[in-house]
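A.B. asks: give me the fold of what follows.
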Amino acid sequence: MSIISATPCLEDLVVGAVVAEASFPLTRDSLVRYAGASGDFNPIHYRDDAAVSVGLPGVLAHGMLTMGFAVQPVVDWAGDPGRIVDYQVRFTRPVLIDPADGAVVTLVAKVGAIDADAGIVRIDLTATFNETTVLGKAQARVRLAAAPLSEA
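C.D. replies: Numbers count the residues shown, from 1 in each chain. Purely as a prediction, here's the structure:
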């Protein structure tokens, strides 16, 4: 992962700047571990027959796992998870996990907007799998400077 700065400063940012990039390999084992941690044991996340029986092309990653991967580089860049004041995504495409090769989700995080008065930067996230975007309108709002609590 590459990062612009270990301690981000609002004044150093410009719209369009890449603040983080990362790749996340996933395997069927990853999905089983996530199921155990999250309690989501839906068999579409670990059994091909169950996935196909509901019209899916195969086993797919949990949406919340993909969502969590996507924001982690932003948390690392910000230096404190408490700086993330809002995070939203739309699930647009599934991440299919090949039984032998797994899958790799890649992420690019760019500055989308800067609200200097509120001390907040909007980070636009692009998460892709097989060169296809899997999360739409993925955005995190990050507080980088002190501002009145009522503006959060």
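A.B. asks: I'd like the next helix or strand past the longest helix along the chain.
C.D. replies: Taking DSSP state H as the criterion, the chain has its longest helix at helix 63-78. Following helix 63-78 in sequence order, the next helix or strand is strand 84-91 (DSSP states H and E).
A.B. asks: then that next one to PDB, C-alphas only?
C.D. replies: The C-alpha trace of strand 84-91 is given here as PDB (Å, rounded to 0.1, in the frame of the first residue of the first chain):
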ATOM      1  CA  ILE A  84     -14.000   8.300   9.900                       C
ATOM      2  CA  VAL A  85     -17.200  10.200  10.500                       C
ATOM      3  CA  ASP A  86     -19.300   8.600   7.700                       C
ATOM      4  CA  TYR A  87     -18.800   5.700   5.400                       C
ATOM      5  CA  GLN A  88     -21.300   4.500   2.700                       C
ATOM      6  CA  VAL A  89     -21.200   2.200  -0.300                       C
ATOM      7  CA  ARG A  90     -23.600   0.600  -2.700                       C
ATOM      8  CA  PHE A  91     -23.000  -3.100  -3.500                       C
END
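A.B. asks: quick one: contacts of that strand?
C.D. replies: Residues from elsewhere that reach strand 84-91 (C-beta atoms under 8 Å, 6 or more residues apart in numbering): 63, 66-67, 70-71, 74-75, 78, 120, 125, 127, 134-143, 152. For every residue, glycine as well, the C-beta is placed using N, CA and C.
A.B. asks: after it, which helix or strand is next?
C.D. replies: As assigned by DSSP H and E, the chain's next helix or strand after strand 84-91 is strand 103-115.
A.B. asks: strand partners (parallel or antiparallel) of the very next helix or strand once past that following strand?
C.D. replies: Next along the chain after strand 103-115, taking DSSP H and E as the criterion, comes strand 120-129. Here strand 120-129 has these sheet partners by DSSP bridges: strand 103-115 (antiparallel), strand 132-133 (antiparallel), strand 135-143 (antiparallel).
A.B. asks: could you dump those strands into JSON lines with distance to Gly55, mean neighbour count and mean pLDDT added?
C.D. replies: Converted to JSON lines, those look like this (distance: least, C-beta to C-beta, whole Å; neighbours: other C-beta atoms under 10 Å; pLDDT from 0 to 100):
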{"stretch": "strand 103-115", "distance to Gly55": "20", "mean neighbour count": "18", "mean pLDDT": "97"}
{"stretch": "strand 132-133", "distance to Gly55": "19", "mean neighbour count": "12", "mean pLDDT": "96"}
{"stretch": "strand 135-143", "distance to Gly55": "21", "mean neighbour count": "20", "mean pLDDT": "97"}
